[in-house]
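In: Sequence and predicted structure, then a few things I'm wondering about:
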Amino acid sequence: MRDVTLSEIEQLRAEAGPVDAVFDMDEIAFRALYDRTARALWAYLARITGSADIADDLLQETYYRFLRSRSTYENDTHRRNALFRIATNLA
């Protein structure tokens, strides 16, 4: 499982155009969310796809789409549910 680094998040911010969503999470908030959710999300993706490599790719795409979304969430449970929903749709 690959960690997303601050430099990658900053690069995504720099590449964002005027129509792209603004990233509302700072590095600390994202890292905390990632640490709490990535292992379970990766295991879920590996189980439903049957491939660790595909799970790695889908995990990265899931977090990317989550960060780009303009959605607001009430709490961590809603964020986690959104991540799993995105992952399910991608798979």
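Out: Thanks, I have the structure now. Numbers count the residues shown, from 1 in each chain.
In: Where does pLDDT dip in the protein?
Out: 1-24 (pLDDT under 70).
In: can you tell me which helix in the chain is longest?
Out: helix 27-49 (DSSP state H).
In: Beyond that helix, next helix or strand please.
Out: helix 52-68 (DSSP states H and E).
In: before we move on, the earlier item: quick one: list the elements packing against the longest helix of the chain.
Out: Other helices and strands packing on helix 27-49, by 3 or more CB pairs under 8 Å, 6 or more residues apart in numbering; DSSP states H and E, are helix 6-15, helix 52-68, helix 76-90. C-beta here means a position set from N, CA and C on the backbone, and glycine is covered the same way.
In: The second one versus helix 76-90: what angle between them?
Out: Read it as helix 52-68. Using axes from the mean of the first three to the mean of the last three CA atoms, to 10 degrees, the inter-axis angle of helix 52-68 relative to helix 76-90 is 130 degrees.
In: how about the helices and strands packed on helix 27-49, which one is nearest Ile28?
Out: Ile28 lies closest to helix 6-15 among these, at 9.7 Å (CB to CB).
In: Most tightly packed of the helices and strands packed on helix 27-49?
Out: helix 52-68 (a mean of 17; mean count of other CB atoms under 10 Å).
In: Distance from the chain centre to that one, please.
Out: The chain centroid and the centroid of helix 52-68 are separated by 6 Å under CA atoms, centre = their mean, to the nearest Å.
In: Please apply the same query to stretch 35-49.
Out: The answer for stretch 35-49 is 11 Å, by CA atoms, centre = their mean.
In: can you check stretch 26-45 too?
Out: Counting by CA atoms, centre = their mean, stretch 26-45 comes out at 7 Å from the chain centroid.
In: Point me to the residue sitting closest to the centre of this structure.
Out: Tyr63 (1.2 Å; CA atoms, centre = their mean).
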